[in-house]
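Undergrad: Need a 3D model of the sequence below.
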Amino acid sequence: MLNRLGDYIVLNQEKNRDLEYGVSNVKGISIKKIFIETKANLRNVSLRPYLVVKPKYFAYVSVTSRNGEKVSIAFNETKNTYLVSSSYISFSIKDINILLPEYLYIYFNRPEFDRIARFNSWGSARETFSWEDLCDLNIEIPSIKIQKKYVDVYNALTENQKAYENGLDDLKLVCDSYIENLKNSLPIQSIKKHIENSIEKNTDQIYSEAIGIGTEGFIPPKVESSKNTKNYNLVRYNYFIYNPSRINIGSIGLYKDTQIRICSPIYSVFRCLSKDLIPDYLFLWFKREDFKRYTSFKAVGSVRDNFPFILMQEVEIPIPSFKVQKSIVNIYKVYETRKEINEKLKQQIIEICPVLIKGAIQESKGVI
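TA: Predicted coordinates:
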């Protein structure tokens, strides 16, 4: 039997009028359907109009256009109270003896929900999935006993994943502490004599596969087959590529493929000259938040700040022995491998949500 969702949920309009909660409580919402640290600049911003999202409450961003065909909706499964922008929509379950919030969250995590929400989004400049649209959704609600059975399965999976993630955080802490100790135990020195700017161009246009660099790593830029790429830089194994105007937000990468590619001349390309400095070790320093702040401070320019290669040469880091560098790099490789496994575990949990909902509905109908 189909039920109108609006009969089981209630709009949350509680505001932070008394400023009971502060900046540390403010959250954003990801398309991965989780609360995340806000990217908004909250300096001199009043938090009074922000919505209070208590434990077991939901919040979502009604705008669905330009959002990867997904709805940014999250469930506060913690014991903490969050604040979200007043432009978001927040709600809770009317009666948890009829509909479990955890079960509804599993329902929201299905691709089917995203498709329905996008289909029912309306607007010209910005398409939105309104509160009324959400309430008009028809869903099948099994008995509480059946809901709990499948929620328990979901919780068991997420608890295992979080236990793995906690171990991952501990490993990251060890890695970061190791790096930090080097700053205090070794003298820092310029990397100038250890690196060399690459000026090798695609003069004969032998290579056609181009790459770019973003904050999340390498990206495939759109290069027309007919475009002249003679001025493009060649990128070889263990070469560094960075965007001089965006390195302050992490647009730098270490190329680890043996296939030679090309990149736009707007990027800077360089390599390690000396055997005394392992590229992977140097890259660990480039990925640190301290380095991002350093590049922001040192960047020069009028219309747009830039961090050219001449400034890159001035970067100073501690350079331990080859053996120590190698051990640090190996620890980080273990961390990166486990990080990838953790992301796969998260994806598997998302992929099992449709199976759980289907199983609950079929069981309620006596099919299984």
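
Undergrad: any low-confidence regions in this structure?
TA: Scanning the chain for pLDDT under 70 picks out 65-68, 124-125, 222-226, 302, 367-368.

Undergrad: burial of the residue nearest to residue 339 when sequence neighbours are not counted, as a residue count?
TA: Once flanking residues are discounted, residue 339 sits nearest to residue 168: 6.2 Å by Cβ to Cβ, 6 or more residues apart in numbering. Bear in mind the C-beta positions are built from the backbone N, C-alpha and C, glycine included. If you count neighbours by other Cβ atoms under 10 Å, residue 168 ends up with 15.

Undergrad: before we move on, what about residue 87?
TA: With other Cβ under 10 Å as criterion, residue 87 counts 10.

Undergrad: OK, contacts around the residue nearest to residue 339?
TA: 335, 338, 339, 342 (Cβ atoms under 8 Å, 6 or more residues apart in numbering).

Undergrad: Got phi/psi on it?
TA: Backbone geometry at residue 168, expressed as degrees, to the nearest 10, gives phi -70, psi -40.

Undergrad: next one: residue 47
TA: According to degrees, to the nearest 10, residue 47 has phi -100, psi 10.

Undergrad: Which among the contacts of residue 168 count as buried?
TA: 335, 338, 342 (16 or more other Cβ atoms under 10 Å).

Undergrad: Return the distance of residue 250 relative to residue 55.
TA: 33 Å (Cβ to Cβ, to the nearest Å).

Undergrad: can you give me the strands for the stretch 51-200 of the chain?
TA: 51-53, 58-60, 73-75, 82-84, 89-93, 138-140, 188-190, 195-197 (DSSP state E, counting those that start in this stretch).

Undergrad: Quick check: which of these is nearest to residue 364?
TA: Ranking these by distance to residue 364, with Cβ to Cβ as the measure, places strand 138-140 first at 7.2 Å.

Undergrad: Pairing partners for that closest one, with directions?
TA: strand 2-4 (antiparallel) (DSSP bridges).

Undergrad: Against residue 119, how distant is the spatially most distant residue from the centre of the chain?
TA: In the chain, the residue that sits farthest from the middle, by Cα atoms, centre = their mean, is residue 366; the gap is 40.7 Å. In this view, residue 366 and residue 119 are 31 Å apart by Cβ to Cβ.

Undergrad: same thing with residue 333?
TA: For residue 333, the distance to residue 119 - Cβ to Cβ - is 44 Å.

Undergrad: again with residue 180
TA: Applying Cβ to Cβ to residue 180 and residue 119 gives a distance of 50 Å.

Undergrad: Also residue 307?
TA: Computed as Cβ to Cβ, the residue 307 to residue 119 distance reads 45 Å.

Undergrad: Check residue 197 too.
TA: 52 Å.

Undergrad: Also residue 104?
TA: Taking Cβ to Cβ as the measure, residue 104 falls 19 Å from residue 119.

Undergrad: Looking at those two, which one has more neighbours?
TA: Between residue 104 and residue 119, counted using other Cβ under 10 Å, the more crowded position is residue 104 (21 against 10).

Undergrad: Would you mind confirming that that one is in contact with residue 94?
TA: No - the pair residue 104 and residue 94 fails to qualify as a contact (Cβ atoms under 8 Å) at a distance of 11.4 Å.

Undergrad: any common contacting residues for those two?
TA: Shared contacts of residue 104 and residue 94, counting by Cβ under 8 Å, 6+ apart, come down to residue 9.

Undergrad: Can you report how many residues neighbour residue 162?
TA: Residues near residue 162, counting by other Cβ under 10 Å: 13.

Undergrad: again with residue 13
TA: Using other Cβ under 10 Å, residue 13 has 11 neighbouring residues.

Undergrad: How about it: what's its closest non-neighbour residue?
TA: residue 51 (7.5 Å).

Undergrad: can you check residue 200 too?
TA: Of all residues not flanking residue 200 in the chain, residue 234 sits nearest, at 4.4 Å (Cβ to Cβ, 6+ apart).
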